[in-house]
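Asker: Just a sequence and a predicted model for now, questions to come.
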Amino acid sequence: SLEHTSVDSRAVDGVQDIFAVSVTDSDGDSASTDLTIDIRDDVPRAVNDGAEVAENDEITVNVLENDLFGADREVILTGAEIVSPLDPAPGEVYFNPDDGTVTFVPVPGFAGGEVRIRYTIEDSDHGPDGTGGGDRDSAVLILDVAGDSTPEIDVSPDVGDRNMVDEAGLDDGGSQAATDLEKTSGSLNISTGNDVLASLTINGENLTNGGTVMGDYGILTVTRNGNTFTYSYELTGNAEHGAPGSATDAVLLESFDIIVTDSDGDSATATLDIDVKDDVPQQFSPGEHELTNGTGMLDLADHIGADGLGALVFDGSLGGLPAMDVDGNRLNVAGQALSYRLADDGRTLYAETAFGAEDGFRVSLDAAGNGYTVEVMGDVTNSSSVMSAARVVRTTGAGVLGTVLITAVVEDGSGNPLQLGSESVRVFNQYGVDVTLDVSVLPEGDGIRVEGLQDGWEVRVETTADRPFASVDFVPQSGETSLEGSDGFMVSEPRMDLALDLALVATDSDGDGITSVLTLTREATGELYVGGNAEQTRTGGDGDDVLIGDAGGVNVEPAGNYNISLLVDTSGSMSNTFGSSGQSRMALAKEALRNLVQQLANHDGTINLQLVDFDTEVGTGDVITFMNFSADDLAAVEAFITGMVAEGGTNFEDGFDSARDWFAAQANGFQNMTFLLTDGEPTYFRNDNGSLGGNGSDYTATTVQNSLDAFSDLVQFSNVAAIGMGSGIRNDILSFFDNTNVVTANGSIDVNGDGINDVTGPRGQPQIVLEGNQLEAALEEAARSLLPLGGDTLSGGAGDDVLVADTLNSDSLGWVNGDTGVTFAAGTHDGLGYAGLYEYLKWGINGGTAPQSNQIIDHVRNHLADLIDNERTDGGTNRLEGGSGNDILIGGAGDDTLIGGEGNDTIFLGFGADTVVWNAGEQGASGAPANDTVEGFSLGNFGVSAEADKLDIADLLDVADTADIADYLYAEEGGAGDTLLHIKSDGGINAGGGNADQIITLAGLDMGGQDSVNFVQQLIDQGQLDIE
């Protein structure tokens, strides 16, 4: 190689080889020239290089490796510089001439991209003298530098694609507290590339190494394990969700702001969202309670959820609706329909006959939603109602029969009479026995005339609800007849089972709601019905009834023993003339008193008598008493009555206190009775210091209230019958001083008409009387002879009923009449029938208190075997139908028809040729048969033998006849000497009768050694088994 002087790697640098050339021809001519050869320099050739560089990495590249060196010996690297980008500078460049490498060091945070570095090479081609530079060339090192890593974060829930917690899982009040629904968890997937994590902050809290941060509704916990981050979130309390239907009703959002920063300061953000699901109330159990006073619990607290109770109310749509049971029957009290009224707070529901009457029932929900209270004010029924008005008849003495004319006015405001038929009138004796057929009930004009009424009997008018009346008048038709009581509504056709649903709405504190129902139920109460000895027809209800066809026996009414106080008003106004008689009120009062004490002197029982003469006060000589009052005392009592003088004011309080103190001193167990005879209102009273209060002429709220306080003390000892004289008396005030027939439990009245001075208390129904016989005490009638028994039709309806065709036998019962002291030992009063049972319960069990129907029902059921009359051979022809339920039917002495109906019934046949009937549909099921027991079945030719009985199963069987009866019926003897008839109503009875759907047990009757076929055929041949 040659030494060139130029550093231009591409040009000729003047190095030549020159040769002088001379040419001579043959003649010697010559020519010369130079042969010049240019010697081109073999310069180095730089070739572009390239490389990829990782983020933040420096790189060293030998750029000479691909360059061409040429013939001028070794090439060296003489320089390197960044040519792009220049601003900002991507980094620093270093080159090493010794090894031909270029090093690039990026600045921190360089965003990456293409970096161009121009480098220069030079060979060793110096000048001839060894001076000057070598040949040079340049190329570019192109670096592809990876961009700066920025942090990345991904929130990854463990379950699903979103984080959710549910208030239901909260331990304190959550509806599903046993679960972990209040928690969620997941991972924070953080990537920083070639950088390292500098910090992790959540909601401004540094959680680089883990930790907790409080959110709005719960706690977020971050855990770091190396470079792995996990999170867990726990809801710590219920959140305030939006109103129902709003965007935040069901779900609220809990958000956490996450910032991740790497080592070179780059950051990334993310949001960790937690859906907070509202714990809406869950379905809570329906409540159920009997329609009777009491309280009950609801499990709403366990289902209301974490938000807590907002309110528990009745469904607002109930307000104003008619009260009906689930079968659509209207509920009523005393014949008047009930409607619902809802209190303003929605937590109390009233069922009442008129707005504010509160005479049906009310149900109150407690504010905490834990339970309810049921209060029943009236006799609520769902049966077909009847309107009923009744009076008790009083006659002047034993053996005297009364007559009453009854008229009614329609309820349409016209004043027209309501046409009553004989079926509208019913009469009951003092034992509650229906004796309607023992009296004369005949139309007379616009009314009904009832004759033959005995003392103490009740006359009742009943009309169905579609024939309501506005009023009923009972008018005695002789001076020997008077009446007690007043009009009133009663309900009772036989009652049905009752169930009514009351809709409930529960809301939590943020308005989420759930509905349920409170069901009120009542099983129909058992009805007690005792018919008179004539033919009766009666159908029971849904309850467990006891229906007795005939009272039977001897009707005994022992005389009673009484302590009687007569309080007589002798104030000055009693001297006024009364009515058209021309007599003064005082004279009429004396006449009535004389008539009364004459009757009391002849009373069979014992009477202790007090007379009180009160006016301004009760002073010395104004009270007289008689123990064991008799005719011997009439002269003394006459003198006392004659000495009464009308003067002064009216002091009810002194009169009441006198009677109270007298009754309190009696310890004889007699019945206490008080009669108040007055023509006005109280005008005097006693102050606390014992002095007189009042002005003697005007009644004030203070006077009435003090009198009422004294009256309240008196009624702790005695019933008080108030009797007013004259049309000017204020009946609304006098009603506070009568408790014989309380019609308002807590009435009030504005005494002065100013709306301020009210008097409040129970109110009765005083009478206005003119005759002394209206003050008569209760006299009892004498014994009568044994009464014949009638044929009755009794239907039990639903329930487990007891039907007695004729009467009960009370001969074995014993008691002592506490009023008369007469002993009725067992066996000494044969034939009393139902009356004997009544008297036994009254005196032998209750100590003189009349038994109520429920006590009689229970006693009959519990002692039925002792009460069945197996001795009387006379009796009517009765029809007993048990209906559904497990009934007991007791036939009488006549030829009765007995139908047990559905259920497992027990049927006692008694005397006579009885027929027991089974109808289609009354059987059970194959493998679960109905089981009926017939007691007292007698074999013989039916219709010939007076005691031969018959089983009628024709309607029960599908198509049986004598040819195939064995396909329907199998007979066998039981282990106790009974005969069992296994019946399959649709045929196909198997061997042994195991698939029967009806079993009839003939108790105490064996088959006489016969097999099934022969025994059944015997019954058919004797007319004792009807199958077609």
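Answerer: Structure received.

Asker: Longest helix in the protein, by number of residues?
Answerer: Identified as the longest helix of the chain according to DSSP state H is helix 585-601.

Asker: for that helix, which positions count as buried?
Answerer: Buried residues in helix 585-601, counted by 16 or more other C-beta atoms under 10 Å: 585-593, 595-597, 599-601. For glycine as for every other residue, the C-beta is placed from the backbone atoms N, C-alpha and C.

Asker: of these, closest to A954?
Answerer: Q599 (62.4 Å; C-beta to C-beta).

Asker: Downstream of the longest helix of the chain, the next helix or strand is which one?
Answerer: Moving toward the C-terminus from helix 585-601, the next helix or strand (DSSP states H and E) is strand 607-614.

Asker: Can you name every helix or strand that that following strand contacts?
Answerer: The contact analysis (3 or more C-beta pairs under 8 Å, 6 or more residues apart in numbering; DSSP states H and E) places strand 607-614 against strand 562-569, helix 585-601, strand 623-626, helix 634-642, helix 652-664.

Asker: ok now it, how far from the chain's centre?
Answerer: Once both centres are worked out by C-alpha atoms, centre = their mean, to the nearest Å, strand 607-614 turns out to sit 53 Å from its chain's centre.

Asker: can you map out the strands along the stretch 151-300 of the chain?
Answerer: If DSSP state E, counting those that start in this stretch is used as the criterion, the strands of the stretch 151-300 of the chain fall at 152-157, 163-166, 183-191, 197-202, 205-206, 211-214, 218-225, 228-235, 251-262, 267-277, 287-290, 294-297.

Asker: Just the CA trace of the fourth one, in CSV.
Answerer: Included here for strand 197-202 are C-alpha records, laid out as CSV according to Å, rounded to 0.1, in the frame of the first residue of the first chain:
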residue,chain,number,x,y,z
LEU,A,197,-42.4,0.1,43.0
ALA,A,198,-41.8,3.2,44.8
SER,A,199,-45.1,3.7,46.5
LEU,A,200,-48.7,2.5,46.7
THR,A,201,-51.3,4.9,48.1
ILE,A,202,-55.0,4.4,48.5
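
Asker: mind showing which ranges of the stretch 501-650 of the chain have poor pLDDT?
Answerer: Low-confidence segments of the stretch 501-650 of the chain (pLDDT under 70): 532-536, 550-561, 578-581, 599, 602-605.

Asker: quick one: which of the helices and strands packed on strand 607-614 is nearest L309?
Answerer: That would be helix 652-664 among the helices and strands packed on strand 607-614, by C-beta to C-beta, at 51.7 Å.

Asker: Check which helices and strands the closest one sits against.
Answerer: Against helix 652-664 (3+ C-beta pairs under 8 Å, 6+ apart) you get strand 562-569, strand 607-614, strand 671-678, strand 685-686, helix 701-714.

Asker: Mind giving me the packing neighbours of the shortest one?
Answerer: Looking back up the chat, that one is strand 685-686. Strand 685-686 packs on helix 652-664, strand 692-693, helix 701-714, going by 3+ C-beta pairs under 8 Å, 6+ apart.

Asker: One more pass at 6 Å, please.
Answerer: Contacts defined by 3 or more C-beta pairs under 6 Å, 6 or more residues apart in numbering; DSSP states H and E place strand 685-686 against helix 701-714.

Asker: For the helices and strands packed on helix 652-664, please prepare TSV with the additional fields distance to Q282 and mean neighbour count.
Answerer: What follows is the helices and strands packed on helix 652-664, written out as TSV (distance: least, C-beta to C-beta, whole Å; neighbours: other C-beta atoms under 10 Å):
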stretch	distance to Q282	mean neighbour count
strand 562-569	64	25
strand 607-614	69	23
strand 671-678	60	24
strand 685-686	63	22
helix 701-714	52	21
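
Asker: Between the ones you listed, which one is closest to G814.
Answerer: G814 lies closest to strand 671-678 among the helices and strands packed on helix 652-664, at 22.6 Å (C-beta to C-beta).

Asker: Paired strands for the closest one, with orientation please.
Answerer: As defined by DSSP bridges, the strand partners of strand 671-678 come to strand 562-569 (parallel), strand 719-724 (parallel).

Asker: Excluding chain neighbours, give the residue nearest to L909 in space.
Answerer: G936 (4.1 Å; C-beta to C-beta, 6 or more residues apart in numbering).

Asker: So what does the one you found look like in phi/psi?
Answerer: Torsion angles at G936 (phi, psi; degrees, to the nearest 10) stand at phi 80, psi 20.

Asker: neighbouring contacts of stretch 89-108?
Answerer: For stretch 89-108, the external contacting residues (C-beta atoms under 6 Å, 6 or more residues apart in numbering) are 58-64, 76-77, 80, 82, 110, 115, 117, 119, 141, 143, 264.

Asker: start to end distance for it?
Answerer: Terminal residues of stretch 89-108 are spaced 11 Å apart (C-alpha to C-alpha, to the nearest Å).

Asker: Make residue 1 into 12 and carry on from there
Answerer: Okay, using 12 as the starting number, the last item reads as stretch 100-119.

Asker: Tell me the buried residues in it?
Answerer: Of the residues in stretch 100-119, those buried under the neighbour-count criterion (16+ other C-beta under 10 Å) are 101-102, 104, 106, 111-115, 117.

Asker: per-residue confidence averaged over it?
Answerer: For stretch 100-119, mean pLDDT rounds to 92.

Asker: For the strands paired with strand 682-689, give me JSON lines that also has distance to S350.
Answerer: Output for those, formatted as JSON lines (distance: least, C-beta to C-beta, whole Å):
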{"stretch": "strand 573-580", "distance to S350": "43"}
{"stretch": "strand 730-735", "distance to S350": "34"}
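
Asker: Nearest to G660, out of the ones you listed?
Answerer: The nearest among those, by C-beta to C-beta, is strand 573-580 at 10.0 Å.
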